[in-house]
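In: sequence and predicted structure, then a few things I'm wondering about:
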Amino acid sequence: MRFQGGIGTYEFAISICIVATLIAVLLLRIPNLQAESERMEVAQTVRNLRLSVLQAISEHVMHGQEYRIAEVASSNPIDLLETEPAGYMRGASSPTRGGEWTYDSARRQLAYRPLFPASFGGASELRWIYAPIVDTSGHAVGAHLVELN
């Protein structure tokens, strides 16, 4: 009797079970990975906005143009970024779909509607206010984003 190379039925069934188990684990992890990715992306966007505001203010101070800090505090912080965040809806005051960013210039509020609200504590909308920092004489000396929820 000659030995045949290759795999038998038993080995093939075991291989299929292992692959099916790995696929099932992967499919269960995908929503968690997407939610974590969205949380990281939002945090990175807000961090970039805060840094761009600080950079714009620093440039005015460096050039002796402290009087222009109030302009930074009243401008759209998205305009200070090199590229707009994905899903930014210019001109809209409130996001209507998941994954959208908006800036309400009247209230100086930045808003984001999550794709996965459960990953943000169930919040259907995240908001930050763009607030000026004023000194005792009432002059704007800076600006920052303050989380509202």
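Out: In hand now; what should we look at? Please read all numbers here as calculations on a predicted model, not as lab measurements.

In: hmm, residue 35 is touching residue 118, no?
Out: Yes: here residue 35 reaches residue 118: they are 7.1 Å apart, a contact under C-beta atoms under 8 Å. Just so you know, the C-beta spots here come from the backbone N, C-alpha and C atoms, and that holds for glycine as well.

In: who has more neighbours, these two?
Out: Neighbours were counted for residue 35 and for residue 118 using other C-beta atoms under 10 Å; residue 35 has more, 17 against 10.

In: residue contacts, that one?
Out: Going by C-beta atoms under 8 Å, 6 or more residues apart in numbering, residue 35 touches 116, 118-119.

In: go again using 6 Å as the cut-off
Out: By C-beta atoms under 6 Å, 6 or more residues apart in numbering, the contact set of residue 35 is 116, 119.

In: residue 107 versus that one, what's the distance?
Out: In this view, residue 35 and residue 107 are 28 Å apart by C-beta to C-beta, to the nearest Å.

In: in three-state terms, label the residue most central in space within the chain for me.
Out: Centroid-nearest residue in the chain: residue 42, 1.5 Å away (criterion: C-alpha atoms, centre = their mean). Assigned with DSSP: H, G, I helix; E, B strand; the rest coil, residue 42 falls in the helix class.

In: could you report the pLDDT at it?
Out: Looking at residue 42, its pLDDT stands at 96.

In: in stretch 65-75, what counts as buried?
Out: Within stretch 65-75, the residues scored as buried using 16 or more other C-beta atoms under 10 Å are 68-70, 72-73, 75.

In: how near is residue 29 to residue 85?
Out: Remark: distance between residue 29 and residue 85 (C-beta to C-beta) = 26 Å.

In: settle it for me: which of the two has more neighbours?
Out: Neighbour comparison, residue 29 and residue 85: the larger count goes to residue 85, with 19 against 11 (by other C-beta under 10 Å).

In: need the contact list for that one.
Out: Contacts for residue 85 (C-beta under 6 Å, 6+ apart) come out as 45, 101.

In: could you do residue 109 as well?
Out: Per C-beta under 6 Å, 6+ apart, neighbours of residue 109: 127, 129.
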